[in-house]
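1. Provided below for reference: sequence and predicted model.
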Amino acid sequence: MTSLLCLSDIGNGLRQASVIVFHARDANLIGLGAASQPLVTGSMVSGTLSVLTSDLRGRQVNELIRPGVVAYASGTFHQLSAAVVTGETTVSGTTLANVFLTSTKDAALGSGSTGISIQFLPDSVGLAERTFTPETVGAFTQ
Amino acid sequence: MRPAVIPTNRRGVLLLVVLSMLTLFLMLGVTYLIAASRARETARAYARLTFGSDDARIPSAALLDSVLLKVVRGPVVIGSGTFESLLADKYGRPTTSGTPTLSGTITGLARTGTSPILTATFVTGSVRPTDLVGRVLTLAKPGSSVTSHRIVRASNSGSTNAQATSFTLALDLPIGVQAFQRPSGTVPAIVNGREFASGTSPPTFGNENWDGFDDHNLFLAQLRSSTSSISQADVVRGSFSAPITSVLADPNLDLDGDLVMDAADNDGDGVIDGVFQDYGIPPVTDAAGNTVQLRASVLVVDLDGRFNVNAHDALPRLLYAGTNRWTTTVSTTAAPMGSGYGPAEINGLTGTRAWTSNSTSNSGTGLFSGPSAIPGASMSAPLQAGATFATSEHPTVFTLTGGGTSELRGLRSGTTGSRYTDGQATFQLRAVEGRYGERAPSDWAAIIGGDLTSVSSGSFAVPGQPATDDEASRMSDRRAPRSEPSSIGYGVPSVWWLSATGSNFDWGSSPNVSGTTLPLPRGVFNSPPDLHGRMKTLTGTAATGLAPVMTFAKAEWADAAANGTRETTDDPYELRLDTRRGFGGMLFDPTTAGTGTSASSQARDNPFTPAELEPVLRPYDVDTNKHQPRLAAMLGSAAEEARLKVTTDSWDTTAITGSAALVLFGTQGGASGWLQSPAFDSLSIGGSTPLSGVICGEVARGERFDLNRALMASGTDTAGYDFNNAYYRQRQAYFKDLYTLLFALDRGSGGSTPAAEIAQWVANTVEFRDADSIMTPFEFDTDPANGWTVDGDVRTDDGGSERSVVFGVERPEILIAETLAWERVDPGTTGTTGGMCISLHRPWNAVATGTGSVQIPAEPCDYALDTLSSGNSGRPLNQVDLGKKPHAGIMAATNSSYGDLTQSNYPIWRLRIVSSGGTQYMRFDTDTAGTNELLVSGVGSPGAALQSGDEKPKLPMNTTYTFFSGTSVNVGATTQAFTITGSSRQALTAAAFRVEGGPSAVNVASRSATVFLERLANPSIPATAAIWSATPLATSTTTGTVAQRYIIVDTATMTVINTGTQPIPTQTLASERRDFSSVAISPWKIAFTGTSVTATFPTLTSSTTTAWMPWPNRPFVSSAELTLVPRGHALGMLQNYTQLTPSIPTGTAAGAIGIPISPQLLFDAVHVPSRFAGIHQTYTGDLSGTTGIFSTGSNAITTVNQLSSFREPGRVNLNTVPSDDVWNAVVAGQLTSPILSRTASTITTVGPAHNLYATLSLASGTGTTIKTDAPVASALEVNLNPLHGIYTATRLANTTTPRSNVFAVWITLRESVANDPDSVRYHRAFYIVDRSIPVGFDEGKDYNVWDCVRLRRIIE
C-alpha cells in the first residue's frame, strides 16, 4: 500500500490536506503517463472520455475506472462513487469511451458540453481530506 | 336782621389748626419710618450676629471644603470603610493599584524662547524612562504656585530605557489662562500614576478604564429620569454607599438610633439620595455643653453621560430641517444626514423620542421639545421656513443660536410632576445670545431652509467668526501650521467641489476662489469630506453596469466661487472650547451686540460656562435665581427635566488607557509592559528622528496614535522615490509608528500574529487613507522587540536578517471580468489556431450630486492614472488610461507622454498571460511589439496600429472593456459567432492574439492558462527593461531594494477550449466569468465559473448582486473605519475577499478583512483626534531641545509636531447616560430605527463597557463585535456597502467613551445633638469637578487640587 499527500490552498486562509491511498499499484503505469507522472490524463466532454491509448499501457478503460478510484478535475480531488463504461472505441490513437461518472463531490463528472480535463490515479482506493488553518506563514502555506 | 358775618381776622386760626394737624401727621409718619428703619437695621444686625456666631462655632464652609477635598483627592474614610476618591479612580490609589505616585526633585527647569516645552532634570526613585512618559508631573515648590505638566519625553543619561534615578524631562506648559511662572532652584515634584491604566481585572480601587455604576466606581451616584414625575429623579444608588433602596423606602431611617434622621436629600428635589455618614469630622461642643456631631452626605453625579449644550449638535439640523436640499436626482429622504465627524453630530435637535417613552422608534421631537398643541409651534419640524417662533420654545435651538420670545409655554402634554402647567404661558425670554454668540432670534425665518453661506454673511449665530475660516480651526482642519502657505493642506480641503462649475469641475487644480490660493480640492480627500455633518451617503444598484452606485449628496457644496472656503468656513468645530481661551457666559443682547459685519465689531462665540449650568442642576434651591440665568432661561420649562440631561462640560483623555496602556507601559518599575522589556535596557526606545527608534510620536508620550496624521498629497514635487521628500518620510513614520504599536500590543498581550501580516495591514492602512494610487514600499524590522534597525529607505539593505519590505495596497482600480480562449487542433494538421477575449471592468461607480442633475465623480481614479480632457492637457475625466506611461511629470497639469507610443517606454498597466506555452504580455501603449508582446489595435481600422494617445484604451467608471481576436469561432464543424457588448477593441494581430502553445495531445479538451493584471507600484517612476521583465510581486513581503516594480493586482483563470472535431466530441464555447452572484463576494473575490458563450461576450452586462468595497482614499472619519482596511497583499486581498458583515468578528477573521490584532487593545491606543479648534497645537520653528518630540526639517509636518492638551471635549460616557432621550440623541442620531441594545434604564443590570471597543459594541465588559446598523431600504443599504453597516459605530467612535471626568458634587453637612431631633441644622455646598484638568495627586495632600474644581458654591 502506498499513499500520496497533497497540501493545497482553498482560500480564506484555509488549507486542505489530501491523502490518496493506493493498493496493488501497477508499476507498469508509474512514470509512463503524461508528463511522466503516475497519471492517466484525459478529457471529458458530454460524457465522452478521451485518453491517449498509449497512456493506458494495454489496459481497458473499465479496468482503469472503478468505483473508489481517485481523479483530479476542476481543481479538486474526486473519488468516484459510480463508474459505468458503456462503450469504447479507438480513433487516431485516442481511446474514446462513453462513461458515466459520479464522484463524492460532484453529481456527474464531465457530462457538460464544455470539456473538463481529468486526471485518473490508477489503482487508488481511498481519499481522505481535512481542512485546517496554518499557524504560521511559510512556503508551505502560501 | 343783620346777616351773619364771619370776621376775617378769625380765618387764620382755622388754617393754623389744619396746618398744625398736617405737620403732626407728617412728624408721626417720619417717626414711624425712622422707627421701622431702625427695627429693620436691628433685625439685620441681629441676624448677622446670629450667622456670625454660627460660623464661629461651626466653620461650615471650611468643613464642606474639607469633605470635598477628601472626595476629590482622598482618603475617603467613611466610618470604618474606605473608598476611592475621584483622582484615585483616575490615577490609581497609591497603596493598591501598583502605579504609585512618584516623588522626586526637579532642577534646571528651563524654557527656550517661546517654546511650548520646558526641560528639566528629574531625580527620583529607580524607574525606566517609559515609566514616566505621558504621566502628570506637578511642581510643588513652597512659595510658588503649584503647577501640573505632562511629561512628553524622558531620557536617562545613557539614552536607553534602563532603570535610572536621574532623567532629562520635557514637559508641556500647564493649561490655563494665567502665565506660567517658572520656579527656580530645586523644586519638589510628584508624578501621578498613569491615568485609567488598569487592565481587565483591576483592583476595586484601581484606575480602571471605565466609569459606570459598578463596584469599581462607588463614588458615583446613579440618578436617572423618572418616568412618573419630571421634578424628581429615580435614585438607584447614592455615592459611597451600598444601594440605598432601604433608605428610599424609609425616609425616616435612623441608622445609629440617635433619633436623628439619617436620610439626606442633597440636591433638594424631594427625593432621598444619600445617607449622612461619618467623614471623620471631629465633634464640637455647643454653648450649652452638648456634643454636636458632624455628619456629611455626598452626592457625586456624572456629567459626561449627558447632552453637552456647548459641543453637541450643530446648525445643519437647524438650517436644513424639513427641506430636501440634497439633490433632486436621487431620493435621499430616508438617508441619515452626517458622517460621524464628531460630537457636533450628536442629535439633540430632532429625532429623539419623548422622555416618558421607551419606544423603539424616534418620535422626531428632539431632546427637549415644546408643546405640539400650540399653533405655529409644531415641534416635529420646528424650524421650517414660515413657522412662527414667537410663541414657541425649542431649548436646543435657543442654546445654539440664542433667541428671545415674549412667552414660553409649559411642557408638552402627558407630562406630570412639573412645576409648569401643560401648554400654559410661563415667562418671557429676553433676547440673549446662544453658544455661538451673535444674533439670531428675529432672523430665524430668514435663515431656516436657507444655506450656511447666507447665515454666515449675515453675521448670524455661527461657530467662530462669521464667514471666516478661523485660523485656529484652519490649522486643525488642514492639519498644517499657519506658517505653511495657504495652498498647503493635509486635511479637509477648503473647497472640495465648486458645484457652480457643474460637472466639469477641475479637481486637478485649485478652484478659482477670488484672491486666494487654496489646497488642491482632492489633494488628500478623494472622497467628499463632511466636516459640517450635512452629507447623505447612499449606495444603490445602478441602472446599468456591474457595479453598485454610491452617491454623496450634500445640503451645500460651494455653489459659487465667491463663497470661497465653504467646506471649512463656520464649521461646528470652530467653536473654541479649550480652556486656554477662557471666555463665554456673556449676557450679550444679540440685537445690539455683535451685529456688525466687520470682523472687529462682531461678537464671538459665547459658550455656556459651568456657572450657567449650576442653576439648571440646582433648580430647587432658594439661591438659584441669583446665579447665571442664561442657560436655565433658554431651557425654559424644559429646564426642570434638563437637570438630568444636560451639561456644559464633558471631557475625555486622549492618553492611551486601559489594557492597552498596561500592555505597553506595564506597572511602574516592573518589566511586564512590552516597553519595559529588559531588552530595551541597552536601547533607545524613542529615536532622534521620526524615522528611528522603536516608538515615536504620540505613543512615545503616552498619547493615542493619531490615525489622521498629516500625509501630503502626491504632486510633481513628490515624483520618483526620493526618501528625503516629506511625502515618503511622513508615510514611513506613520507606518513605522503604527506597525510598532500593533506589534507591541500583540506581543505584549501574548499574541503571535506574524510580523509580515501586521506590516501588510498597516501599509494598507496608509494607502487606504491617502488619496493617491502609489503603492508605497515600506521598510520594516520584523522584530522591533530588539530595536529598530532599518532606516526606512527601501533602496538600502541595512537591516540584516530582520529587514523586510512591504508594498501597501491601493484599491483594485480595474478587475478582470471575463476571459474566453479557444484553440483548434485537428488530427492530421500540424499548426494550431485560436483566439481569445479578455474583458476588464472598472467598478468605482461613485458620484457626488448637486442640485438638479449636476454631478461629478466622487471617488475618481488617481490623477496619475487618469485621462485629461484634451489629451495631453485639460481637466481629468475619471477614465483610467490603460496606455499611460509612467514619468516624473505625471502629476503635472499636462501629460507630456500622452502620445508616446515608444515600445521601450513601458506602461503602467499590462496583462500577462502564462500558460504551458510560455508568457505573453498584452500592451495598450505602443505601436511596436517587443518579444512575446501582444498589442491592441488602433481605433480607425482593425489591424492598424495605435496612431495617437487618443487611441489608447480608456476605462471610465462602471464600464467594461473587451479585447478580442475575433468574434467568429469554428467549433467542430460549425461556426459560432457572437457580438461584443460594451467598449471593445480588437488586438492588433488577431491571429496572434491567442494563448501561446497548444494542447499537449489531440485528445485534450482544454488546457488552463492564467491572466494577470499588473500595474506599476509608482506611476511617477519610469519603468526600465529590468523592471519590465522582473518577476511581479505577488506576496506580502520582499527583501528587495527597489521602489518600483510591477505588482499583480488581479488574476483570472482562462480555459483554452479545444474546438477541434476529432478525436473528442464537439464542445460548447465557455468563458471563465467572475462570480457576480452574491453580494458576499462579488465582484471582488477572485472566483471564476464556467459560463456558456452564445450570442454575446462578455456574458453579463448588468448585475444587482455586486457590493461596494469601501475604499474612500481620504483621512479617517473615525477609528471605527479601521475595520474596513483589508488584510493581505494586492492579490491576496482579492483571493480571500469576504464582505465585512456583523457575523465576522474583527480581529479574528481569517483572510482579507479584519484588524490583525486584538481590537479591544487597538481601539484604546489609536484615535482620530478631536476636530475642535485649539485642542491640539501645531508647532514649527525653533523647537530647541525638543528632538524626538517634534520633528524638524522643512515641510516634514507630521502629527509629531502636534502637542495635545490630553483632553478633548464632547465625548459622552455611554455607561452613565441617565436618560433614554440622551441615549437616543447620541446613539440613534439621525436614524429612525435606532440601535436600542441598551437603554438608560437597563444600564444597572447590563454593567458598564470596559473599553472603547465595548462601547462601540454597545455591550458590557470588553465587548464582542462592533454593533452594526440594520439595513434600511434606500437609506442604509448595508448589504451593498459595509460602510453603511458601521454608520453608527463610526460616529460613536468619535463621540463616546467609557470614562467620565466631569462631576457635579453636592455635599450636605449636618450638625446634630444625639437624641435631640430639634438640634439638627444643615449646611450645603455644590461643586463641579473636572478631573481631566491635570493636577498633582497624592492621597491626603492638596497641591493644586483646587485647579480641577471648576465651580464652588457654599449654599447659604
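-> Here it is on my side, so go on. Residues are numbered from 1 along each chain as shown, chains lettered A, B, ... in the order given.
2. quick one: strands adjacent to the one helix or strand B:Ile913 maps to?
-> Assessed by DSSP states H and E, B:Ile913 sits inside strand B:909-915. Here strand B:909-915 has these sheet partners by DSSP bridges: strand B:918-923 (antiparallel), strand B:1006-1016 (antiparallel).
3. thought B:Pro678 was touching B:Ser672?
-> No. Here B:Pro678 lies out of contact with B:Ser672, judged by Cβ atoms under 8 Å, at a distance of 11.4 Å. Every C-beta, even on glycine, is put in place using the N, C-alpha and C of the backbone.
4. B:Trp1223 contacts B:Thr1216, doesn't it?
-> No. Counting by Cβ under 8 Å, B:Trp1223 stays clear of B:Thr1216, with 10.7 Å between them.
5. circling back: just the strands paired with strand B:909-915: most buried one?
-> Highest mean neighbour count among these (mean count of other Cβ atoms under 10 Å in any protein chain shown): strand B:1006-1016, with a mean of 22.
6. Average pLDDT for that one, rounded please.
-> Here strand B:1006-1016 scores 94 as its mean pLDDT.
7. Next, the buried residues of the helix or strand just after that strand.
-> Using DSSP H and E, the helix or strand that follows strand B:1006-1016 in sequence is helix B:1025-1029. Buried residues in helix B:1025-1029, counted by 16 or more other Cβ atoms under 10 Å in any protein chain shown: B:Ile1027, B:Trp1028.
8. Pull up the pairing partners for the helix or strand just after helix B:1025-1029, direction included.
-> The C-terminal neighbour of helix B:1025-1029 among helices and strands, as given by DSSP H and E, is strand B:1037-1038. Sheet pairing for strand B:1037-1038, assigned by DSSP bridges, gives strand B:803-807 (antiparallel).
9. Give me the buried positions along the partner strand.
-> For strand B:803-807, burial by neighbour count (16+ other Cβ under 10 Å) applies to B:Arg803, B:Ser804, B:Val805, B:Val806, B:Phe807.
10. pLDDT score for the first one?
-> This points to B:Arg803. For B:Arg803, the pLDDT comes out at 94.
11. gap between it and chain A?
-> Using Cβ to the nearest Cβ, to the nearest Å, B:Arg803 is found at 17 Å from chain A.
12. Repeat that for the third one.
-> As defined by Cβ to the nearest Cβ, B:Val805 lies at a distance of 16 Å from chain A.
13. what sits opposite that residue in the beta ladder?
-> Judged by DSSP bridges, the bridge partners of B:Val805 are B:Glu779, B:Thr1038.
14. just checking, it touches B:Glu779?
-> Yes. Counting by Cβ under 8 Å, B:Val805 touches B:Glu779, with 5.4 Å between them.
15. Kindly point out which residues are neighbours of both of these two.
-> Contact with both B:Val805 and B:Glu779 is made by residues B:Val794, according to Cβ atoms under 8 Å, 6 or more residues apart in numbering or on different chains.
16. quick one, what contacts the closest residue to chain A within chain B?
-> Closest contact between chain B and chain A, by Cβ to the nearest Cβ, is at B:Ala1005 (2.6 Å). Each residue near B:Ala1005 by Cβ under 8 Å, 6+ apart is listed here: A:Ser43, A:Met44, A:Val45, A:Ser50, A:Gly115, A:Ile116, A:Ser117, B:Ile1057, B:Asn1058, B:Ile1064, B:Gln1067.
17. How about it, nearest residue that isn't a chain neighbour?
-> A:Gly115 (2.6 Å; Cβ to Cβ, 6 or more residues apart in numbering or on different chains).
18. quick one: the strands in the stretch 1151-1300 of chain B?
-> With DSSP state E, counting those that start in this stretch as the criterion, the stretch 1151-1300 of chain B has strands at B:1166-1167, B:1176-1178, B:1202-1204, B:1207-1209, B:1212-1213, B:1296-1297.
19. Could you save these as JSON lines and add columns showing distance to chain A, mean pLDDT and mean neighbour count?
-> JSON lines is the format used below for the strands of the stretch 1151-1300 of chain B (distance: least, Cβ to the nearest Cβ, whole Å; pLDDT from 0 to 100; neighbours: other Cβ atoms under 10 Å in any protein chain shown):
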{"stretch": "strand B:1166-1167", "distance to chain A": "24", "mean pLDDT": "96", "mean neighbour count": "24"}
{"stretch": "strand B:1176-1178", "distance to chain A": "38", "mean pLDDT": "74", "mean neighbour count": "21"}
{"stretch": "strand B:1202-1204", "distance to chain A": "36", "mean pLDDT": "78", "mean neighbour count": "23"}
{"stretch": "strand B:1207-1209", "distance to chain A": "38", "mean pLDDT": "93", "mean neighbour count": "24"}
{"stretch": "strand B:1212-1213", "distance to chain A": "38", "mean pLDDT": "96", "mean neighbour count": "28"}
{"stretch": "strand B:1296-1297", "distance to chain A": "32", "mean pLDDT": "96", "mean neighbour count": "28"}
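20. Same list (those) but as a markdown table, adding distance to B:Ser145.
-> Formatted as a markdown table, these follow (distance: least, Cβ to Cβ, whole Å):
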| stretch | distance to B:Ser145 |
| --- | --- |
| strand B:1166-1167 | 32 |
| strand B:1176-1178 | 22 |
| strand B:1202-1204 | 22 |
| strand B:1207-1209 | 20 |
| strand B:1212-1213 | 32 |
| strand B:1296-1297 | 31 |
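21. follow-up on the earlier one: pLDDT score assigned to the residue nearest to B:Ala1005?
-> Confidence score, pLDDT, at A:Gly115: 81.
22. got it, and B:Ala381?
-> Note for B:Ala381: predicted pLDDT of 29.
23. Do any residues in the longest strand seen in chain A lie close to chain B?
-> In chain A, with assignment by DSSP state E, the single longest strand is strand A:76-91. Yes. Counting by Cβ under 8 Å from any Cβ of the partner chain, contacts between strand A:76-91 and chain B involve A:Val91.
24. What is the helix or strand following that strand packed up against?
-> Once the chain leaves strand A:76-91, the next helix or strand it forms, by DSSP H and E, is strand A:94-103. When contacts are defined as 3 or more Cβ pairs under 8 Å, 6 or more residues apart in numbering or on different chains; DSSP states H and E, strand A:94-103 sits against strand A:48-52, helix A:61-64, strand A:76-91.
25. TSV for these, including distance to B:Asp1338, mean neighbour count and mean pLDDT?
-> Shown next, in TSV, are the helices and strands packed on strand A:94-103 (distance: least, Cβ to Cβ, whole Å; neighbours: other Cβ atoms under 10 Å in any protein chain shown; pLDDT from 0 to 100):
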stretch	distance to B:Asp1338	mean neighbour count	mean pLDDT
strand A:48-52	87	25	84
helix A:61-64	87	18	82
strand A:76-91	69	16	86
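26. Distance of the residue in chain A that chain B sits nearest to relative to B:Ala1293?
-> Residue of chain A nearest chain B, by Cβ to the nearest Cβ: A:Gly115 (2.6 Å). Distance from A:Gly115 to B:Ala1293, counting by Cβ to Cβ, to the nearest Å: 53 Å.
27. So for those two, which sits in the more crowded spot?
-> Taking other Cβ atoms under 10 Å in any protein chain shown, A:Gly115 and B:Ala1293 do not tie; B:Ala1293 has more neighbours (29 against 26).
28. Surely the more buried one touches B:Tyr1253?
-> No. B:Ala1293 lies out of contact with B:Tyr1253 (Cβ under 8 Å); the separation is 9.3 Å.
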